[in-house]
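Chemist: Sequence first, then the predicted structure:
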Amino acid sequence: MTENNKEENKTKSNLKTISQCKREIELEVPSKVVNEEFQKIISQFSSRAKIHGFRPGKAPKELVKSMFYSEIERSLLDSILPKVLNEELKTLNLNLINVPIVKDLHFKEGEPLRFKAYFEIWPDFKLPVYKKVRIKKKEVTVTEEELNQYLSTLQQRSAEYIPIEGRGVVDGDYVLVEIKGKDLELNKFLPNEKVLIKAGHPDNEKLLNENLLGLKVAEERKFVLNYDQNYQNKKLAGKKIEYNLKVISIKEKNLPRLDDDFAKELGEYDKLDDLKEKLKKEIQISKENAAKREIAEEIIENISDNLNVELPETLVEEENLSLLKHRLSQLPQKEFKKEDIKALKEEGKKQAEKNLKNHLILKKIAEVEGFKVSEEEENQELKAIAKANNIPLAKVIDSINKEGRKEELRNNILFKKTVDFLVEKAIIK
């Protein structure tokens, strides 16, 4: 092929910068290249087409083209567009975020194929000062109240539930009951349930608490509940239900005394003071780690406040959607109004923009500083995950490989290194 022929067959392109992240490329594929591909596809259709009166592959190409024109055109575009676009973008060496969106497509036989493609790239920006950021020191102390709260938590975990006989239910008892409900208006029985109830708990229905009191094992009692129209459980809202309670068992919660014997029961402690000392150290470490995270967040926020960078809309939307799904999964099951979803989306967008901006900052600092993740660091992180979740290391590795999360793991390690670097270089007073 001569140089002139090469030029004739060369796709013309024009890249436009719309903004820091947005690009648009105009492409024109020569008519000769388009026609060659067009004829090739017509031949493929001709060899497969089943047309009455003709043996397979023997029908005139013009007839095949007229009968299957829309399919042939679609096949032509599916063949040329991705190939031409990928070749041009590869030449430009752009760091694309999303799949290009093709628009303004012009195709007519005998003419060049013209189209535009819109896409986003990672923004290129200059970092503001990120070393020697001034941050106020966080004072960390463990109060007596915090220590007592931790002790109380351990005490609650060690509680015993002792079966009660010979007396009725009193407030604070844990009562296993069988509940039979009946819709009085529809004269329809509800499914029987066995539930564990803490007698007198403020979250219980008032009538339930009142009717539980005094009941002994095997005793029953009936009462009627009129549910409000706005009751959170829509299946019961506005209904009149008759309940029959039958007590199956009553248990009393017995807390151990906080003394030396309690400490010995927990393991390696000779007395309560030893346990308190260990707890105090654990609380101190936990609070120091929390303070370090807070300092890191303030440093990144400081850098972020001094950085003006356009964020790719595609990634903001993806992060916002992820945050919204997570938020909805954490909220109580209910019917959300349009305005509720709108408010959650607006709140999520702000958080998504913050998350993405922080991601860009840490990614850029890691590049500038030349941080890498070693195989040893990766192995240490995998071991830490296995230990924290109390599962075998092999299972963690297998899960990450199957889910394709290895790159995510490496990025997490890289960002931790970057955050530690920022804290180390900050001026904390």
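Modeler: Done, it's in.

Chemist: low pLDDT regions in the stretch 201-350 of the chain?
Modeler: Along the stretch 201-350 of the chain, the model assigns pLDDT under 70 to residues 332-336.

Chemist: Would you state the helices of it in chain order?
Modeler: 206-212, 260-265, 272-305, 313-330, 338-369 (DSSP state H, counting those that start in this stretch).

Chemist: and the longest one with helix 338-369, angle?
Modeler: Going back to what we said before, that points to helix 272-305. 90 degrees (axes from the mean of the first three to the mean of the last three CA atoms, to 10 degrees).

Chemist: Give me the most central residue, this structure.
Modeler: By CA atoms, centre = their mean, the chain has its centre lying nearest to S322, at 4.7 Å.

Chemist: what residues go with each domain of this structure?
Modeler: Domain assignment for the chain by automatic domain parsing gives 3-120, 160-254, 264-428.

Chemist: right, and those - which one's nearest K136?
Modeler: Closest of the domains of the chain to K136 is domain 264-428, at 7.6 Å (criterion: CB to CB). Using the backbone N, CA and C atoms, a C-beta is placed for each residue, glycine as well.

Chemist: Distance from the chain centre to that closest one, please.
Modeler: 12 Å (CA atoms, centre = their mean, to the nearest Å).

Chemist: first to last residue in it, what's the distance?
Modeler: With CA to CA, to the nearest Å as the measure, the ends of domain 264-428 fall 41 Å from one another.

Chemist: before we move on, what about stretch 41-54?
Modeler: So stretch 41-54: terminal residues 19 Å apart, CA to CA.

Chemist: same check, this time on stretch 305-322
Modeler: With CA to CA as the measure, the ends of stretch 305-322 fall 24 Å from one another.

Chemist: right, and the helix or strand after the helix or strand encompassing K387?
Modeler: Using DSSP states H and E, K387 sits within helix 375-389. Per DSSP H and E, helix 375-389 leads on to helix 393-402 as the next helix or strand towards the C-terminus.

Chemist: how far off helix 375-389 does that following helix point, in degrees?
Modeler: 110 degrees.

Chemist: need the next SSE after helix 393-402, C-terminal direction.
Modeler: Using DSSP H and E, the helix or strand that follows helix 393-402 in sequence is helix 406-425.

Chemist: Mind listing what's buried along that next one?
Modeler: By 16 or more other CB atoms under 10 Å, the buried positions in helix 406-425 come out as 409, 411, 413-415, 417-419, 421-423.

Chemist: Which strands or helices does the next helix or strand after that helix pack on?
Modeler: Toward the C-terminus, helix 406-425 is succeeded by strand 427-428 as the next helix or strand (DSSP H and E). Applying 3 or more CB pairs under 8 Å, 6 or more residues apart in numbering; DSSP states H and E, one finds that strand 427-428 contacts strand 134-135.

Chemist: partners of the strand it packs on in the sheet?
Modeler: Listed by DSSP bridges, the sheet partners of strand 134-135 and their directions read strand 427-428 (parallel).

Chemist: who touches the strand it pairs with?
Modeler: Residues from elsewhere that reach strand 427-428 (CB atoms under 8 Å, 6 or more residues apart in numbering): 132-137, 295.

Chemist: Just the buried subset of those, please.
Modeler: 133, 135, 295.
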